[in-house]
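Asks: Have a look at this fold, sequence not included:
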């Protein structure tokens, strides 16, 4: 992808809309809508790196109630010609075609390499990557199994969505508090994942979410790992243009 002069690529992750309740997440939703209105003026593309929703499951004829303004805004931006790319997170991994069919937004379930003006980016949510986190990796295998998904579909949406949202908010990262602390470069699993990727691939930028902590780690002279943070505590996002990649904080309310 060639970025036109004066245009930028924007990145956002970990909004967790709907947590801890639909009502309490509305201020964050409004702020995110303001951000989308801001970036539309010079966006060459928008990348959403997962956990946009605190819970999402697509039944064959039903999607979860709520966040209709965000869905409408994304549809509006796509209809205006702005490319949008979505990478599922661990909270909204059950996407089976709704975004593609209704919004025209491609959805990715694994990290993917993109080339922007000759620079290579590896982009993804980041859950389950790198060493450690073995408990979650086992759980993810269950969540992504066709049999588990088939079983969950048989639960009435009123019960299934309520149960899933209750379990979801038990995750301490939703609060964006003491768990979202810098562990040191050697203990940041996504940084270690990036270093291993560099052993076989030349990547200029690794862009991930999931950690709820804005972060920049220089891996080599030519490669850097960035974490986008979240829209719970930091309201942070990434932007790339001819000057490079930056993490910024959105302040409008």
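Replies: Now that the structure is in, tell me what you want to look at. Since we're looking at a predicted model, the values are computed, not measured.
Asks: next one: phi and psi at residue 216?
Replies: Main-chain dihedrals, residue 216, degrees, to the nearest 10: phi -140, psi 120.
Asks: For it, which non-adjacent residue is spatially closest?
Replies: residue 226 (5.5 Å; Cβ to Cβ, 6 or more residues apart in numbering). Yep, even glycine has a C-beta here, placed from its N, CA and C like the rest.
Asks: Enumerate the beta-bridge partners assigned to the one you found.
Replies: residue 207, residue 216 (DSSP bridges).
Asks: OK, contacts around it?
Replies: 205-208, 215-216, 238, 245, 247 (Cβ atoms under 8 Å, 6 or more residues apart in numbering).
Asks: after the lowest-mean-pLDDT helix or strand in the chain, next one along is what?
Replies: Ranked by mean pLDDT, DSSP states H and E, the weakest helix or strand in the chain is helix 134-143, scoring a mean of 70. Using DSSP states H and E, the helix or strand that directly follows helix 134-143 along the chain is helix 146-153.
Asks: Contacts for the helix or strand just after that next one, please.
Replies: Later in the chain than helix 146-153, the nearest helix or strand by DSSP H and E is helix 157-168. For helix 157-168, contacts defined as Cβ under 8 Å, 6+ apart pick out 18-19, 54-55, 57, 59, 62, 64-65, 91, 152, 155, 174.
Asks: Which among those count as buried?
Replies: Taking 16 or more other Cβ atoms under 10 Å as the criterion, what is buried in these is 18-19, 54-55, 57, 59, 64, 91, 174.
Asks: Now do the residue nearest to residue 216 against residue 55, distance only.
Replies: Going from residue 226 to residue 55 by Cβ to Cβ, to the nearest Å gives 26 Å.
Asks: what stretches of the stretch 101-250 of the chain score poorly on pLDDT?
Replies: Filtered on pLDDT under 70, the stretch 101-250 of the chain yields the residue ranges 132-137, 166-179.
Asks: Now residue 71. Nearest residue, chain neighbours left out?
Replies: Leaving aside its sequence neighbours, residue 71 sits nearest to residue 103 (Cβ to Cβ, 6+ apart; 7.0 Å).
Asks: Just to check, the one you found is in contact with residue 76?
Replies: No. Taking Cβ atoms under 8 Å as the definition, residue 103 is not a contact partner of residue 76, at 9.8 Å.
Asks: Give me the more crowded residue out of these two.
Replies: residue 103 (19 against 14; other Cβ atoms under 10 Å).
Asks: List just the nearest of the contacts of helix 157-168 to residue 7.
Replies: residue 91 (30.3 Å; Cβ to Cβ).
Asks: if you skip the residues just before and after it, what's nearest to that closest one?
Replies: Nearest one to residue 91, counting by Cβ to Cβ, 6+ apart, is residue 51 at 4.6 Å.
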